[in-house]
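> Here is a sequence together with a model predicted from it:
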Amino acid sequence: MEFNLLHMVLLFGTGICAGFINTVAAGGSLLALPMLIFLTSDSTLANGTNRIAIFFQNVSAIMGFRRKGVSDFRYGILLAGPAVIGAFIGARIATDIKDAAFNLILAVVMITMLILTLINPTARLKDRLESRDKRSTIIAMAVFFFIGIYGGFIQAGVGLLIITALRLLTGMDLVRTNAIKVLVIFFYTVVALGIFIWEKQVDWTLGVTLAMGNATGAWIGSHWAVEKGEKWIKVVLVATVLVFATNLALEPFNLDIKSLLGLG
C-alpha cells in the first residue's frame, strides 16, 4: 500500500493518543496496532513496527517521570531482568505466527482487557500498605518473566498486566507503578525490537512517524500523571476501555471506513 500525508497524520495522531494512554494507564498499543494493521495489511509487520514507537515512548516517559522526581530504578531493574528473558521468547514466537492467528489473538486480548478493567482487581487494595519484602520481590520477578513473554509477543495491554501485578504484589500507588512500568517495558522492548529488525519485520517510515506521536503523548502523560495523581489515572483507564470496546465493535466495518477516508 502506498502511504500518503493523510496516513502519516492519522498515524501521528494515533501515536499521541497511544503514548499518553500507555504512560498514564495502559493499552495504547490496542489503538496503535489496529491502525498499523489497517495501513499495512500485515499483522507481523505491524507488530514489529509498533516496537519503534514503544521504545521512544518509554525513553520519553522515563525522562518525564525522573524530571518529576518519580523513579525506582533499582526495583525496576530487578523486574526488568526476567521480563527481558521472557520478551526474547515472546518476540521469537511473534515473528513466526500467521496474520489470521495474530488478529484473532488481538481480538481476544481486547475483550480480556475490557473484562479485567471492569472487574478492577486492584480496587480492593486501595488502602493496602506498600510491602516489598524478599518473598514478594521473588514472586514479582517470576510474574514479570511471563509478562515479558506476553509483551514480547503482542505488547498490547501489557501495561494493565504490569499495573495489576505491582498493585497486587506490592500495594504500590499508581503513579509509582507507572514509573516502574515504563522502565521495565523500555528494557524488554530493546530485545523485542532487535528481533523484529533482524527478521525484517519493521517499516521504519511508519515506525518513526508513530514513534514521534508516541513520544509526544508519553511526555505529556508522564507530567499529567504525576500532577493529576491516582484519581485521574483511573478516569483514563475507564476511558481507554471504552475506546477498546468501540474499536472492537467497528472491526467488521473496516472496509467501509477505509472507503470513507479514501484509504481503500
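Here it is on my side, so go on.
> was I right about residue 43 contacting residue 37?
Yes: with contact defined as CB atoms under 8 Å, residue 43 reaches residue 37; the gap is 5.5 Å. The way it works is simple: take the backbone N, C-alpha and C, and place the C-beta from them, glycine included.
> what do these two both touch?
The overlap between the contact sets of residue 43 and residue 37 (CB atoms under 8 Å, 6 or more residues apart in numbering) consists of residue 103.
> can you map out the helices along this protein?
5-24, 29-40, 43-67, 73-94, 99-119, 134-153, 158-170, 174-198, 204-250, 254-261 (DSSP state H).
> how about a markdown table for the ones you listed, with mean neighbour count and mean pLDDT added?
Shown next, in a markdown table, are the helices of the chain (neighbours: other CB atoms under 10 Å; pLDDT from 0 to 100):
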| stretch | mean neighbour count | mean pLDDT |
| --- | --- | --- |
| helix 5-24 | 22 | 81 |
| helix 29-40 | 24 | 79 |
| helix 43-67 | 24 | 84 |
| helix 73-94 | 20 | 91 |
| helix 99-119 | 15 | 71 |
| helix 134-153 | 19 | 90 |
| helix 158-170 | 23 | 83 |
| helix 174-198 | 23 | 89 |
| helix 204-250 | 19 | 68 |
| helix 254-261 | 12 | 42 |
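> Just give the closest residue to residue 58, not the sequence neighbours.
residue 186 (3.8 Å; CB to CB, 6 or more residues apart in numbering).
> separation between that neighbour and residue 87?
Using CB to CB, to the nearest Å, residue 186 is found at 11 Å from residue 87.
> cool, and residue 81?
Counting by CB to CB, the gap from residue 81 to residue 87 is 11 Å.
> Likewise for residue 136?
22 Å.
> about what we covered before: the residue nearest to residue 58 contacts residue 62, correct?
Yes: with contacts counted by CB under 8 Å, residue 186 reaches residue 62, the gap being 6.2 Å.
> overlap in contacts of the two?
Common neighbours of residue 186 and residue 62 (CB under 8 Å, 6+ apart) do not exist.
> residue contacts, residue 218?
19, 20, 22, 23, 57, 58, 60, 61, 64, 182.
> so who does residue 102 touch?
43, 44, 47, 94, 154.
> my bad, residue 33
Contacts of residue 33 by CB under 8 Å, 6+ apart are 46, 47, 50, 106, 154, 155, 156.
> And the nearest residue to residue 201 once chain neighbours are set aside, how close does it get to residue 33?
Once flanking residues are discounted, residue 201 sits nearest to residue 48: 3.6 Å by CB to CB, 6+ apart. Remark: distance between residue 48 and residue 33 (CB to CB) = 11 Å.
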